[in-house]
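**Student:** sharing a sequence plus its predicted fold:
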Amino acid sequence: MRNVLTIAGREIRSYFASPVAYVLIAAYLALAGYFFYALITAFNTSLQIYSMMRNPEMLSRFNLNEMVIVPLLHNMAVLLIFIVPAITMRMFPEEKRSGTYELLLTSPVRVGEIVLGKFAGGLVLVLLMVGLSSFFGVLLLLYGNPEVPLMVAGYLGLALMAMAFLAIGTLISSFTDNVVIAYVGALFALLVLYTIGWLGETIQGAGAAVIKYASITEHFQTLLKGIIDTRDLAYFVTVLVIGIFLTQRSVESVRWR
Amino acid sequence: MIEVAKLSKRYGDLSAIRDVSFTAQPGQILGFLGPNGAGKTTTMRIITGFMPATSGTVRVDGFDVFEQSAEVRRRIGYLPENPPLYNDMAAVPYLRFAAKLKGMGRSAIEDALERVVQTCGLGGVQSRLLGHLSKGFRQRVGLAQALIHDPPVLILDEPTIGLDPRQIIEIRSLIRTLGTQRTVVLSTHILPEVSQVCDKVVIINEGRVVLEDQLTNLTRTRSLEEVFIEAISRDTVDGARAATAAEEEA
Ligand SMILES: Nc1ncnc2c1ncn2[C@@H]1O[C@H](COP(=O)(O)OP(=O)(O)OP(=O)(O)O)[C@@H](O)[C@H]1O
Ligand SMILES: [Mg+2]
């Protein structure tokens, strides 16, 4: 545990020692802010149009949750697909290139501790981003009346999603000593994971059920309805555990090949 | 104590070392010599548990590097060929990090820091970023990292490379002192360094050990240069002969 904290601490300091962390956070928040602004504006415009038409039935169907929060969270998840690989790409390649990998692997720490430490370091950064973006939710709370449970479940879903993305990025970063390959590899894997549900719609039978279960968006969507179901939580935890476990195996196999 | 037995390592088709065997005792400084590409770094990386051998065994203090890797790693201080530095860290936080990785307690770390900063001459650069240090200072920080937990076994891959003359003298005498109670393996291309520092010499050529003997036995009648050149050229002649024999057989 102590070793995990030592490694995570160094990892976090290294994110913030360079502009990397700030650039990633700024890019994420700026784009998320832009989406938020666009969604709110669209919402307001439609609201005005329908109130001018004095159509109370249509008006009552308008709701902040569906028109702003849900699409915003979706967009932020897509942003994370591009941002998380930028966090994980340096995890292992940089150590391998600079030779510090030799220090890590010849120190009396377990490979699992190295992997968990690196993951935990990245997690702090990712959760910080998701946490900062909850600012948009707070704005809605202050100036509107969104459904709070839905918002909480949605942000929880985003955080879980970020965690799963991070585990996959960490795994792919352990395969290579090249940051470009680590970035593109992770981006590719995350895009596949995010869009695999589309495939489920084109086929039938047991295959479709499997694909539906494998699709991260499927589970995210349940949370976006405000439903916190253990089956969905179990899915995210499974992705996380598999990612970390395989990373550990991958580092170990390089060591003992 | 280090016992290397029949160690071989292949990188794909390339056989980097073949049947390398030697031993180093506590209180002994072993000079590990050989031309470029002979397999010194490869051997050291296997001894420290950084990578596995294709075949053969290494024991450190009786523990097998492959089976009881954690025990071995606890006992070793390792200076790799390229000092393993994080360029975005300053020297002292870096050494503190290395010490924690090696399992040292908080109070022990501060004492050890003071000690290695002094012995490795890091006084002036403690708060400079490692990425901004000159080559010699990088080497010193790497050495400090290897010494910080006061390990009983030291594996030093070209420890004095890039150091200034005064620092070379200091580090050599430091290694001598350390070697009185510890087991030290150091690789180098500087033969006078071996004569000054080492008790035992192992010469490796094209992946095979061609000579293992006490320094005093080797230099009784000849200079170490002569011994070295003869060892590696005799081996090449043998190698050429073996290759022709194999060809004839086929
Ligand atoms: N990762 C690797 N992949 C493929 N071949 C390698 C690798 N590392 C080393 N080699 C090869 O193994 C052989 C031994 O290399 P090694 O680095 O052990 O030599 P060395 O004795 O340390 O040389 P030097 O004195 O130049 O440091 C060389 O032929 C080298 O090219
Ligand atoms: Mg070498």
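**Tutor:** Received it, and whenever you're ready, just let me know what you need. Ligands and ions are numbered 1, 2, ... in the order given.
**Student:** residue contacts, the residue of chain B at minimum distance from ligand 2?
**Tutor:** The minimum distance from chain B to ligand 2, using C-beta to the ion, falls at B:Thr41 (3.2 Å). Every C-beta, even on glycine, is put in place using the N, C-alpha and C of the backbone. Contacts for B:Thr41 (C-beta atoms under 8 Å, 6 or more residues apart in numbering or on different chains) come out as B:Pro80, B:Glu81, B:Asp157, B:Ser187.
**Student:** export only the CA atoms of the host helix or strand of B:Phe97, formatted as PDB.
**Tutor:** Counting by DSSP states H and E, the element that carries B:Phe97 is helix B:91-101. The C-alpha trace of helix B:91-101 is given here as PDB (Å, rounded to 0.1, in the frame of the first residue of the first chain):
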ATOM      1  CA  ALA B  91      17.700  15.500  -6.800                       C
ATOM      2  CA  VAL B  92      16.500  15.300  -3.200                       C
ATOM      3  CA  PRO B  93      12.900  14.400  -3.900                       C
ATOM      4  CA  TYR B  94      14.100  11.900  -6.400                       C
ATOM      5  CA  LEU B  95      16.400  10.300  -3.900                       C
ATOM      6  CA  ARG B  96      13.700  10.300  -1.300                       C
ATOM      7  CA  PHE B  97      11.400   8.500  -3.800                       C
ATOM      8  CA  ALA B  98      14.100   5.900  -4.500                       C
ATOM      9  CA  ALA B  99      14.600   5.400  -0.800                       C
ATOM     10  CA  LYS B 100      10.900   4.800  -0.200                       C
ATOM     11  CA  LEU B 101      10.800   2.400  -3.100                       C
END
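**Student:** beyond it, next helix or strand please.
**Tutor:** Once the chain leaves helix B:91-101, the next helix or strand it forms, by DSSP H and E, is helix B:106-119.
**Student:** go through that following helix and flag the buried ones.
**Tutor:** Going by neighbour count (16 or more other C-beta atoms under 10 Å in any protein chain shown), the buried part of helix B:106-119 is B:Ile109, B:Ala112, B:Leu113, B:Val116, B:Val117, B:Thr119.
**Student:** just to revisit the earlier point, now the residue of chain B closest to ligand 2: how far from A:Leu31?
**Tutor:** Distance, B:Thr41 to A:Leu31, using C-beta to C-beta, to the nearest Å: 46 Å.
**Student:** re earlier: the residue of chain B closest to ligand 2 and B:Arg18, how far apart?
**Tutor:** To B:Arg18, B:Thr41 is 16 Å away according to C-beta to C-beta.
**Student:** where's the residue in the stretch 1-150 of chain A positioned nearest to ligand 1 relative to B:Val201, distance?
**Tutor:** Nearest to ligand 1, among the residues of the stretch 1-150 of chain A, is A:Lys96, at 10.7 Å (C-beta to the nearest ligand atom). Distance of A:Lys96 to B:Val201, computed by C-beta to C-beta: 33 Å.
**Student:** looking at the two, which is more packed in?
**Tutor:** Ranked by neighbour count (other C-beta atoms under 10 Å in any protein chain shown), A:Lys96 and B:Val201 place B:Val201 first, with 25 against 16.
**Student:** chain neighbours aside, what residue packs nearest to that one?
**Tutor:** Spatial nearest neighbour of B:Val201, excluding adjacent residues (C-beta to C-beta, 6 or more residues apart in numbering or on different chains): B:Gly31 at 4.9 Å.
**Student:** for the one you found, give me phi and psi.
**Tutor:** Note on B:Gly31: its backbone torsions stand at phi -90, psi 120 [degrees, to the nearest 10].
**Student:** per-residue confidence for it?
**Tutor:** For B:Gly31, the model assigns a pLDDT of 95.
**Student:** tell me what it is bridged to.
**Tutor:** B:Leu186, B:Val201 (DSSP bridges).
**Student:** my guess is it contacts B:Gln196. True?
**Tutor:** No - B:Gly31 is not in contact with B:Gln196 according to C-beta atoms under 8 Å; the separation is 10.0 Å.
**Student:** higher neighbour count, these two?
**Tutor:** For the pair B:Gly31 and B:Gln196, the greater number of neighbours falls to B:Gly31 (24 against 16), based on other C-beta under 10 Å.
**Student:** ends of stretch B:184-197, what's the gap?
**Tutor:** End-to-end span of stretch B:184-197 (C-alpha to C-alpha, to the nearest Å): 10 Å.
**Student:** distance between it and the chain's centre?
**Tutor:** 10 Å (C-alpha atoms, centre = their mean, to the nearest Å).
**Student:** ok, now stretch B:189-198?
**Tutor:** From the chain centre to the centre of stretch B:189-198 is a distance of 13 Å (C-alpha atoms, centre = their mean).
**Student:** closest to chain A among the contacts of B:Thr41?
**Tutor:** B:Pro80 (4.4 Å; C-beta to the nearest C-beta).
**Student:** give me the neighbour count for that closest one.
**Tutor:** 24.
**Student:** B:Ser15 looks like it's in a strand, true?
**Tutor:** Yes - residue state for B:Ser15 (DSSP: H, G, I helix; E, B strand; the rest coil) corresponds to a strand.
**Student:** may I have the beta-bridge partners of it?
**Tutor:** Here B:Ser15, judged by DSSP bridges, has bridge partners B:Arg10.
**Student:** okay, it: pLDDT?
**Tutor:** In this model, B:Ser15 is scored at 93, pLDDT.
**Student:** residues contacting it?
**Tutor:** Counted by C-beta under 8 Å, 6+ apart, B:Ser15 has contacts B:Ser8, B:Lys9, B:Gly207.
**Student:** tell me what the strand or helix carrying A:Asn44 is packed against?
**Tutor:** Assessed by DSSP H and E, A:Asn44 sits inside helix A:20-52. Using 3 or more C-beta pairs under 8 Å, 6 or more residues apart in numbering or on different chains; DSSP states H and E as the contact test, the elements touching helix A:20-52 are helix A:56-61, helix A:70-88, helix A:111-143.
**Student:** which is the next helix or strand following the last one?
**Tutor:** Past helix A:111-143, heading to the C-terminal end, the next element that is a helix or strand (DSSP H and E) is helix A:148-174.
**Student:** next, the buried residues of that next one.
**Tutor:** Residues of helix A:148-174 classed as buried: A:150-151, A:153-174 (neighbour count, 16+ other C-beta under 10 Å).
**Student:** and ligand 2, which of these reach it?
**Tutor:** Checked against ligand 2 using C-beta under 5 Å from the ion, these yield no neighbours at all.
**Student:** quick check: buried residues in the helix or strand containing A:Ile196?
**Tutor:** Taking DSSP H and E as the criterion, A:Ile196 maps to helix A:179-202. Residues of helix A:179-202 classed as buried by neighbour count (16+ other C-beta under 10 Å): A:179, A:182-183, A:185-187, A:189-190, A:193-194, A:196-197, A:200.
**Student:** show me where chain B has helices.
**Tutor:** B:40-47, B:69-75, B:91-101, B:106-119, B:135-147, B:165-179, B:191-197, B:215-218, B:224-249 (DSSP state H).
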